[in-house]
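Colleague: What follows is a protein structure lacking sequence information:
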C-alpha cells in the first residue's frame, strides 16, 4: 500500500510524493486537540492513516486489538505514536512504561506531544524511553510547522522498524 506525502518545492508549492504507508496512533483526551492535530496533518499534506484514542487504556487496547479495536486485527501496528502525558485512567507516563516493557511495542517510536514543559516531565519521559518530547504550540501555524518537521524526520529520513 502506498500513500502520498506532500512536500514543498522551492516555490513553496506542495507536491505529492509517493511514500510507503505508516499508521500513526495519536493518544490525546482533548477532542479539540485531536481535531487540530488531524487538520495540521492534512495541511502538511500527510495522507497516512491517523488513529485516535482518548486515554492510555485505549492505547493498550488498540495495540492488543481488544474491544472496539478488534476491527484492526490483521492491520500492522502503528509505526509512530503521538502521546499526551496528562490523560485520564492511564496517563502518558504509564503508557510509556507499558510500551517500552513490551517486546514488540518497544520498537515503536513515541513522541510525547503535550502542553507540559516542566523539566521533571522531560527528564522522566526520556528516562522511560521516549524518542522525542515536544511541547504543543499555541497557534495552528506553529502546529503545522511542527507536524511538517515530524513528517520529514520520522517518515522521510528515519528508517522505521516494522512491528
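Modeller: In hand now; what should we look at? In this text, all values refer to a predicted model and were calculated from it rather than measured experimentally.
Colleague: from here on, contacts and neighbour counts on C-alpha atoms
Modeller: Noted.
Colleague: same for the top helix by length along the chain, what does it pack against?
Modeller: Across the chain, the longest stretch assigned as helix under DSSP state H is helix 31-43. When contacts are defined as 3 or more CA pairs under 8 Å, 6 or more residues apart in numbering; DSSP states H and E, helix 31-43 packs onto helix 140-150.
Colleague: and the angle from the longest helix of the chain to helix 140-150?
Modeller: 60 degrees (axes from the mean of the first three to the mean of the last three CA atoms, to 10 degrees).
Colleague: I'd like the next helix or strand past helix 31-43.
Modeller: Tracing the chain C-terminally past helix 31-43 and defining elements by DSSP states H and E, one meets strand 50-53 next.
Colleague: tell me how far the longest helix of the chain is from the chain's mean position?
Modeller: With CA atoms, centre = their mean, to the nearest Å as the basis, the distance from the averaged C-alpha position of helix 31-43 to the chain average is 12 Å.
Colleague: repeat for stretch 49-63
Modeller: 11 Å.
Colleague: in that stretch, what's buried?
Modeller: Residues of stretch 49-63 classed as buried: 50, 52-60, 62-63 (neighbour count, 16 or more other CA atoms under 10 Å).
Colleague: from the residues you listed, which two are the most distant?
Modeller: Pairwise distances across the buried residues of stretch 49-63 (CA to CA) peak at 17.9 Å, for the pair 50 and 57.
Colleague: Now residue 116. Nearest residue, chain neighbours left out?
Modeller: residue 135 (6.4 Å; CA to CA, 6 or more residues apart in numbering).
Colleague: Go ahead and confirm the one you found touches residue 113.
Modeller: Yes: contact criterion CA atoms under 8 Å: residue 135 and residue 113 qualify, at 5.8 Å.
Colleague: what does the helix or strand where residue 120 lies contact?
Modeller: Counting by DSSP H and E, the secondary-structure element that holds residue 120 is helix 119-127. Where contact means CA atoms under 8 Å, 6 or more residues apart in numbering, the residues beyond helix 119-127 that reach it are 93, 96, 112, 132-133.
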